[in-house]
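Colleague: No sequence on hand, only this structure:
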């Protein structure tokens, strides 16, 4: 569940004055990846940190964390991808349910971290991903100015919208052991998620669930991959995906619509329905259709989570 605290209308100057808990004063999204598959017993504490690049150009290491309030009223994600051969990092963040239909941050020209950690800065952006306890507890701080989009398809166009403050002081704590990724490799972990989310003038106290994923290897951005993660109200975690034959359909614009998932952990078919869209543009490679979704089982169980489907560009 997410509860909101309202503030006065906020512009850039007002946003700089907002401060709470780990949120400092503000200043002004799973990827299709080829990595070595790891078994649960092989996932070690050292894997949580950064890895030495191998594989030449196209190698990337990413940390991808999402959250959904228990009632689905607020959801979001952050993704930090380090691309050492390019000398830069990619950062994505998106929040839905905080007022505007979508507040999005996408920057593919972020300087790499200067130290061994995962703190990066760019114009209108500061974020830090912190491993508090390996294989158990992560936190993310974010202060950024993104764009508020009334039409999610604008994220695939010029990304024009009103400047909007976005901040996070959020923690992910393990519900289950780390598991091999549903697609390609790396690993992921179901978590409880709590903390503060700042969207414009609104501050939300988040109490929900989410998934965190860690991948490292050669990034292709050319395969039509899909993935769905979430949690049902009986505590069942969901993480499925594939390279082709996505069971989640799309509309004429390429946004996610609905489908039926075969989820072994849920012991039932799940109907998945896109609720709110948060697409991401990958320039020169394609479009990532991403959405907050509701999952429904025939026995009455339900839950929320994130699903996505990558559409490679014809020339990619």
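Modeller: Now that the structure is in, tell me what you want to look at. From a predicted model like this one, the values you see are computed outputs, not experimental measurements. Numbering: from 1, shown residues only.

Colleague: Would you map the strands across the stretch 101-250 of the chain?
Modeller: Per DSSP state E, counting those that start in this stretch, the stretch 101-250 of the chain carries strands over the ranges 102-110, 118-122, 125-133, 137-149, 162-174, 179-180, 187-199, 202-219, 226-232, 237-242, 248-250.

Colleague: which one of the ones you listed has the most crowded surroundings?
Modeller: With neighbours defined by mean count of other Cβ atoms under 10 Å, none of the strands of the stretch 101-250 of the chain is more surrounded on average than strand 226-232, at a mean of 26. Placement of C-beta: from N, CA and C, glycine included.

Colleague: List the pairing partners of it within its sheet, with orientation.
Modeller: Here strand 226-232 has these sheet partners by DSSP bridges: strand 237-242 (antiparallel), strand 302-312 (antiparallel).

Colleague: so which of the ones you listed gets nearest residue 59?
Modeller: With Cβ to Cβ, the closest approach to residue 59 among those belongs to strand 302-312: 18.5 Å.

Colleague: for the closest one, the distance to its chain's centre please.
Modeller: 10 Å (Cα atoms, centre = their mean, to the nearest Å).

Colleague: Same question for stretch 261-279.
Modeller: Per Cα atoms, centre = their mean, the centroid offset for stretch 261-279 relative to its chain is 17 Å.

Colleague: and what of stretch 260-269?
Modeller: 22 Å.

Colleague: Can you check the distance spanned by it, start to finish?
Modeller: End-to-end distance for stretch 260-269: 7 Å, by Cα to Cα, to the nearest Å.

Colleague: outside of that stretch, which residues touch it?
Modeller: The contact list for stretch 260-269, computed with Cβ atoms under 8 Å, 6 or more residues apart in numbering, reads 228, 232, 236-240, 247-248, 270-272, 295, 297-299, 301.

Colleague: run the last query once more with 10 Å
Modeller: 176, 179, 190, 228, 230, 232, 234, 236-241, 247-249, 270-272, 293, 295-299, 301, 303, 307 (Cβ atoms under 10 Å, 6 or more residues apart in numbering).

Colleague: residue contacts, the residue lying closest to residue 212 once chain neighbours are set aside?
Modeller: In this structure, residue 212 finds its nearest non-sequential neighbour in residue 65, 4.3 Å apart by Cβ to Cβ, 6 or more residues apart in numbering. Contact analysis of residue 65 by Cβ under 10 Å, 6+ apart lists 76-80, 93, 129, 138-140, 168, 170, 172, 188-189, 191, 193, 210-214.

Colleague: Quick one: mean pLDDT for the helix or strand hosting residue 65?
Modeller: With elements delineated by DSSP states H and E, residue 65 resides in strand 59-69, which encompasses its position. Per-residue pLDDT over strand 59-69 has a mean of 96.
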